[in-house]
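# build the 3D model from these lines:
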Amino acid sequence: MTPLEQFCEKSLARDVPVELRTMANDLRERHIGTIAILAYGSCLRGVAVSDTLMDFYVLTEKLGNVSRNVVSRIACALVPPNVYYAEVNGNLRSKYAVLPLSVFAQWTTPQTGNPYFWARFSQPSALLYARDDKTKADVVTAIASAVQTGFANARSLTSSQEALAIWTAGFNATYATEFR
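You can find the predicted model right below:
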């Protein structure tokens, strides 16, 4: 395991609010074939669960586990991920994306020009569920790839050699492309 992968593994093991684990367990039950669940976003930055939607990625073993609906599976194959909304107990709300782990891993690499995945997952996230050690290792590798890809792309946006300036330039550029 590389030093970056070791860092990512430790970062993914962060403590999270119990509500995130409750929601992750519900999402796992909703999607047969779930092999990993990642949390990301404002809930990991101290925003109260009651004040926001929790954000998750539900990673499946294969495309057939993304949805029971064939049209949804085709859409995920063409333009991943599929995004859904869920509530638990009337007070826990989330939006979550579903796609195969292999597709997720592919989209975090430098060969992907679209920053959707690598920009999001070069930021803090938490691995709330992994089916087994191999799945955990595959997720860690994908997250490390996202970090490397994000940093490499951000380097071209500034003449600074300072890591903070590079990351800031990269995140400013990706946030500027979002519609919210």
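# chain center to the helix or strand residue 37 falls within, what's the gap?
Element membership of residue 37, judged by DSSP states H and E, is strand 34-40. With CA atoms, centre = their mean, to the nearest Å as the basis, strand 34-40 stands 7 Å off its chain's centre.
# dump that strand to PDB, restricted to CA.
As requested, C-alpha coordinates have been extracted for strand 34-40 and formatted as PDB (Å, rounded to 0.1, in the frame of the first residue of the first chain):
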ATOM      1  CA  THR A  34     -24.300  -3.300  -2.500                       C
ATOM      2  CA  ILE A  35     -20.600  -3.900  -1.800                       C
ATOM      3  CA  ALA A  36     -19.500  -0.500  -0.400                       C
ATOM      4  CA  ILE A  37     -21.100   2.800   0.900                       C
ATOM      5  CA  LEU A  38     -19.300   6.100   1.000                       C
ATOM      6  CA  ALA A  39     -20.500   9.200   2.800                       C
ATOM      7  CA  TYR A  40     -19.300  12.700   1.800                       C
END
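# now do the buried residues in the next helix or strand after it.
Later in the chain than strand 34-40, the nearest helix or strand by DSSP H and E is strand 54-60. Buried positions in strand 54-60, judged by neighbour count with 16 or more other CB atoms under 10 Å: 54, 55, 56, 57, 58, 59, 60. For the C-beta atoms, the positions are set from N, CA and C on the backbone; glycine is no exception.
# and if you look at stretch 24-38?
Buried, per 16+ other CB under 10 Å, within stretch 24-38: 24, 26, 27, 28, 31, 33, 34, 35, 36, 37, 38.
# what does it contact?
12, 39, 56-62, 64-66, 86, 88, 94, 96, 98, 101, 121, 125-131, 135-136, 138-139 (CB atoms under 8 Å, 6 or more residues apart in numbering).
# mean confidence for it?
Averaging pLDDT along stretch 24-38 yields 94.
# for the protein, which segments count as helices?
Along the chain, counting by DSSP state H, helices occupy 3-12, 18-30, 70-78, 101-106, 116-120, 133-155, 163-176.
# picking that back up, filter the contacts of stretch 24-38 down to the buried ones, ChimeraX style.
A single ChimeraX command selects the buried members of the contacts of stretch 24-38 (16+ other CB under 10 Å):
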select :12,39,56,57,58,59,60,61,65,66,86,94,96,98,101,121,125,126,127,128,129,130,131,135,136,138,139
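# nothing else from me, thank you.
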